[in-house]
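K.L.:
build me a model from this:
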Amino acid sequence: MRVIVVGGGIGGLALGAGLRRRGFEVAVFDRDTDVTATGGYHITLDERAQSALTELVEPRIMRRLLASGSALRLRERDAFWDRRGRLLGHGPDLSGSSSVDVDRITLRMLLAEAVGDRLHLGCRVSGVEHDDDGTPRVLFTDRAPASADLVVGADGAHSVVARHLAGGQTNSPAGIIGFSGRTLLHDLSPHEQRRLRPRSGLAVGPRGAALYVGFLDPVGNAALDAPELRMSVTTGPTYIWGAMFPESATTDSLRDLRDVELQTALLGQFHKRGWAEHTLEVITQADPRSVAGFRFNAASTRAADLAPWPAGRITALGDAVHATPPTAGMGAGAAIRDAAGLLNHLTASAAGDTTLIDAINQFETDMRQRGSEVLTLAMKTVRWILATDTTFGAAATAVCTPILAAAARLRR
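P.N.:
Residues are numbered from 1 along each chain as shown. Down below sits the predicted model:
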């Protein structure tokens, strides 16, 4: 069986690696010319995502991943703050967590290595179609078409493949514009180092402003103590943060800015909403080159709305089907689980246990449910942030957060 994977992001590379490992003939095409040309933020892999990866890549790749990952069990409980930096509460105890945070670049490099020479970079896909005999075919802007027994779209929220299958877009703007950046812990003042601590946290204020601060330390908090295997891009304690605002003409225009200009504009948006200066230090001290903006897109949270097409020899996975805002930290993990699920169904089909179409049908059924669960979690935070942008929500946030902060102080 020959499989073409369109898209060399996390889901596409994971599938390509698994197919190659199981002996399938596979080719992965991506428009990027360099696998490191991706966002500089981090990805959380929970136990389910890691289990899926063990089916897709060789043990040596998993060991290098864990040696390059930051273990959640070694950091403190997550924190929740208000716009003044006052502690409101904590997340669950992480001491028993098996989840790992890893640089997106590191993960993509490892998966690309597992795919090997089956990965073709610098290839722009313009569409998909069927030959006269029903064989799927991928069209390119700069090379001859390629045919396969199965085509899988793993080409993200703006997927060419999924759009062909669905007859239109498979997601829409979620109502939030996000901005991300990286800040070294030692670049922060002693006060902010003590407040932020080795943990991740989220602050939400009135009028739809939110700031997520994620702690990443693949060296000091390594999931696997094997320095000789380490290849993490992050080499010291780092905060990878995400600023969020309701989508508007003003916030959308910020996406056209770069570096210091964008950094300054972001700070201005928080200042207008009354955030304390010290809470913004993580943005002020960020590497300006790391700061970037992007729109949150989301598919429907209803499983029945996902992959709205009959099973066939062209399918899709990951954000191409269930585009997920980063507010749950589960989008990449879901794409990896999609890849493992499809691989297992294709293996059963190749063994003669089921037909190819039945295998795809079962895969898509499972994927719809998985995507719905992840999207439901992610959209809870999105709706919470957007609720603070209403008149009532802004007033309630301003009134309630000091009370919650006082209660938190009493508990201590």
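
K.L.:
for the rest of this, base every contact and every neighbour count on C-alpha atoms.
P.N.:
Noted.

K.L.:
low-scoring stretches of this structure, by residue?
P.N.:
Under the criterion pLDDT under 70, the flagged ranges of the chain are 40.

K.L.:
for it, which segments are assigned as helices?
P.N.:
Applying DSSP state H to the chain gives helices spanning 10-21, 47-56, 59-67, 104-115, 160-166, 190-196, 249-253, 259-272, 281-284, 319-322, 331-350, 356-387, 391-411.

K.L.:
what's the most buried one of these?
P.N.:
Most buried of the helices of the chain, by mean neighbour count (mean count of other C-alpha atoms under 10 Å): helix 319-322, with a mean of 32.

K.L.:
tell me what that one is packed against?
P.N.:
Under the contact criterion of 3 or more C-alpha pairs under 8 Å, 6 or more residues apart in numbering; DSSP states H and E, helix 319-322 touches helix 160-166, helix 356-387.

K.L.:
now render the helices of the chain as a markdown table, adding distance to Arg302.
P.N.:
Output for the helices of the chain, formatted as a markdown table (distance: least, C-alpha to C-alpha, whole Å):
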| stretch | distance to Arg302 |
| --- | --- |
| helix 10-21 | 21 |
| helix 47-56 | 22 |
| helix 59-67 | 33 |
| helix 104-115 | 28 |
| helix 160-166 | 16 |
| helix 190-196 | 36 |
| helix 249-253 | 27 |
| helix 259-272 | 34 |
| helix 281-284 | 36 |
| helix 319-322 | 10 |
| helix 331-350 | 16 |
| helix 356-387 | 6 |
| helix 391-411 | 26 |
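
K.L.:
quick one: closest of those to Arg86.
P.N.:
helix 391-411 (5.9 Å; C-alpha to C-alpha).

K.L.:
by contact count, what packs against that closest one?
P.N.:
strand 87-90.

K.L.:
quick one: closest of the helices and strands packed on helix 319-322 to Thr54.
P.N.:
helix 356-387 (18.7 Å).

K.L.:
now that closest one, how far from the chain's geometric center?
P.N.:
The chain centre lies 14 Å from the centre of helix 356-387; the measure is C-alpha atoms, centre = their mean, to the nearest Å.

K.L.:
just checking, what packs against it?
P.N.:
Contacts defined by 3+ C-alpha pairs under 8 Å, 6+ apart place helix 356-387 against strand 172-184, helix 319-322, helix 331-350.

K.L.:
now the shortest one: how far from the chain's centre is it?
P.N.:
Spelled out, that is helix 319-322. Distance of helix 319-322 from the chain centroid (C-alpha atoms, centre = their mean) equals 12 Å.

K.L.:
so that it lines up with my notes, have the first residue be 698 from now on.
P.N.:
Yes, from this point I'll number from 698; that puts the last item at helix 1016-1019.

K.L.:
identify the residues contacting it?
P.N.:
Here helix 1016-1019 makes contact (C-alpha atoms under 8 Å, 6 or more residues apart in numbering) with 850-856, 858-859, 867-868, 995-997, 1003-1004, 1028, 1032, 1065, 1068-1069, 1072.

K.L.:
now with 6 Å?
P.N.:
852-854, 856, 859, 996, 1004, 1068 (C-alpha atoms under 6 Å, 6 or more residues apart in numbering).

K.L.:
how far away is the closest residue to Ser929 other than its chain neighbours from Leu913?
P.N.:
Computed as C-alpha to C-alpha, 6 or more residues apart in numbering, the closest residue to Ser929 that is not its neighbour in sequence is Ser765, at 4.7 Å. Distance, Ser765 to Leu913, by C-alpha to C-alpha, to the nearest Å: 11 Å.

K.L.:
again with Val1071
P.N.:
Taking C-alpha to C-alpha, one finds Val1071 at 23 Å from Leu913.

K.L.:
now Ile937. Nearest residue, chain neighbours left out?
P.N.:
Arg879 is the one closest to Ile937 (C-alpha to C-alpha, 6+ apart), at 4.6 Å.

K.L.:
also Asp790?
P.N.:
Nearest residue to Asp790, sequence neighbours excluded (C-alpha to C-alpha, 6+ apart): Arg774, at 5.6 Å.

K.L.:
what's the local residue count around the one you found?
P.N.:
Neighbour count for Arg774, taken as other C-alpha atoms under 10 Å: 20.
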